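> Next come a sequence and a model predicted from it.
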Amino acid sequence: MILHLLRHGETEQGGGLRGSLDDALTEAGWAQLRAAVEAYEHWDALVSSPLQRCARFAEELAAARDLPLQFEPGLQELHFGEWEGRTAAQLMETDADDLGRFWADPYGFTPPGGEPLPAFETRVLDALQRLHAEYPEQQLLVVTHGGVIRLLLARARGLPREQLLQVSVAHGQRVHLQFDGHGLQELS
């Protein structure tokens, strides 16, 4: 299965840890996504996080390209608990020590009230297994979040867990991976 992962565009509430907040896209965010899929490519289906910053664009694209669309809750962003909606700068003022622990070891430190990284990883990988069972040997465009793509890229690259947050994924960025039901491989 080939995954064409697309991170959602810029959101109305701006930067920071958006997590499970259901922000809408800005006009610039819509433009980022439309530009990312401008060239015609073959996809067998579209899969999207159900959060509107992904879902609304996926609905538009599915209708325009006459493709089946499936919403996959397992591909939602990491829930940041009490940190949702806050920027790193804001957290440095109030929670600098905890933020430092999270950056140094995201698997070992969970933001207060947040989703533990091991649970997030299991949720995302379980979603991939479901997609692989449903769409073997097919090409999917998956509209999702930075954290999901970062996790999958880190695994494909064989990075140690401590380097997860060093993987950068911009708004509207596309990443191509192959998933064989067991492992991930980054494609050029």
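Yep, it's here. Predicted model only: the values in this text are computed from it and were never measured.

> how close does the residue nearest to Gly29 when sequence neighbours are not counted get to Asp97?
Distances taken as Cβ to Cβ, 6 or more residues apart in numbering place Gly9 nearest to Gly29, at 2.9 Å, with adjacent residues excluded. Every C-beta, even on glycine, is put in place using the N, C-alpha and C of the backbone. Going from Gly9 to Asp97 by Cβ to Cβ, to the nearest Å gives 33 Å.

> So those two - more neighbours on which side?
For Gly9 versus Asp97, neighbours defined as other Cβ atoms under 10 Å are more numerous around Gly9 (25 against 7).

> close enough to count as contact, His4 and Gln139?
Yes. Between His4 and Gln139 a contact is recorded at 6.7 Å, counting by Cβ atoms under 8 Å.

> okay, and the common contacts of these two?
Trp43 (Cβ atoms under 8 Å, 6 or more residues apart in numbering).

> By neighbour count, which bits of the helix or strand encompassing Leu128 are buried? Give me those.
With elements taken from DSSP states H and E, the one containing Leu128 is helix 117-134. For helix 117-134, the neighbour count (16 or more other Cβ atoms under 10 Å) marks 117, 120-121, 123-125, 127-128, 131-132 as buried.

> got the CA positions of it in CSV?
Coordinates of each C-alpha in helix 117-134 appear next as CSV, following Å, rounded to 0.1, in the frame of the first residue of the first chain:
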residue,chain,number,x,y,z
LEU,A,117,2.9,8.9,23.1
PRO,A,118,2.8,5.1,23.3
ALA,A,119,-1.0,5.1,23.1
PHE,A,120,-0.9,7.6,20.2
GLU,A,121,1.6,5.4,18.4
THR,A,122,-0.6,2.3,18.9
ARG,A,123,-3.7,4.2,17.7
VAL,A,124,-2.0,5.4,14.5
LEU,A,125,-0.4,2.0,13.7
ASP,A,126,-3.7,0.2,14.3
ALA,A,127,-5.3,2.6,11.9
LEU,A,128,-2.6,1.8,9.3
GLN,A,129,-3.3,-1.9,9.8
ARG,A,130,-7.0,-1.4,9.2
LEU,A,131,-6.3,0.6,6.0
HIS,A,132,-3.8,-2.0,4.8
ALA,A,133,-6.5,-4.7,5.3
GLU,A,134,-9.1,-2.6,3.3
